[in-house]
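Peer 1: Quick one, what's the 3D model for this:
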Amino acid sequence: MAAIGIVQVGDPGLRRPAQPFDLPREAAEAYEVVESIRTAMDRVAEAHQFAKGMGMAAPQIGLDRAAAVIRTAEGELVLLNPRVTDQAAERDIRFEGCLSFFDVRGEVERPACVAVEHRRPDGTVETTRFSGGLARHVLHEIDHLEGRLYTDRMPTGTTVIPLSEYQGTGRPWSEP
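Peer 2: Numbering: from 1, shown residues only. Got it, this is the predicted structure:
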């Protein structure tokens, strides 16, 4: 992934909280950042298929801004300045992976449902509820924007496993 421009674990930029946009004043910059993320995602998609969708946050391509894009079978989701405002008590444990250290997977506990406040480029504030695998995906990208990696959320004493060992062990995110 590094060869196609994805910032890899160990780069200090992955640990810095991303700078929020001042919207609508910085709408043009927000559009540029989102377009840069889309271009990087296109490069990744040429190299690898993603059965559960793909997400990317601006810090993963070296941009210190609070923007993320998630692609699923249903379409594309753009998040600007997202923050979690509510989460379900119900939790779910699933394997996650990351483009910034692609060859490993780790089990992470996350809420089954979340509410996220985010903005449109025109400054309009929206709150969207996400559940199941999409909630997990959104939370993973928000973590990137807050300078966290999924490995920070793994239970104490657990470690990532190589992708070769992971094959066949994960359950679909859509299951309860």
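Peer 1: which stretches of the protein form helices?
Peer 2: 27-47, 132-145, 163-166 (DSSP state H).
Peer 1: Check which residues of the shortest one are buried.
Peer 2: Read it as helix 163-166. For helix 163-166, burial by neighbour count (16 or more other C-beta atoms under 10 Å) applies to residue 166. Quick note: C-beta positions are derived from backbone N, CA and C, even for glycine.
Peer 1: between the helices of the chain, which gets nearest to residue 101?
Peer 2: Proximity to residue 101, assessed across the helices of the chain by C-beta to C-beta, is greatest for helix 163-166 (10.3 Å).
Peer 1: Averaged pLDDT, the closest one. What do you get?
Peer 2: Helix 163-166 shows a mean pLDDT of 79 in the predicted model.
Peer 1: same question, stretch 112-124
Peer 2: Averaged over stretch 112-124, pLDDT sits at 97.
Peer 1: what residue of this structure is the furthest out?
Peer 2: The outermost residue of the chain, judged against the average C-alpha position, is residue 25 (25.0 Å), by C-alpha atoms, centre = their mean.
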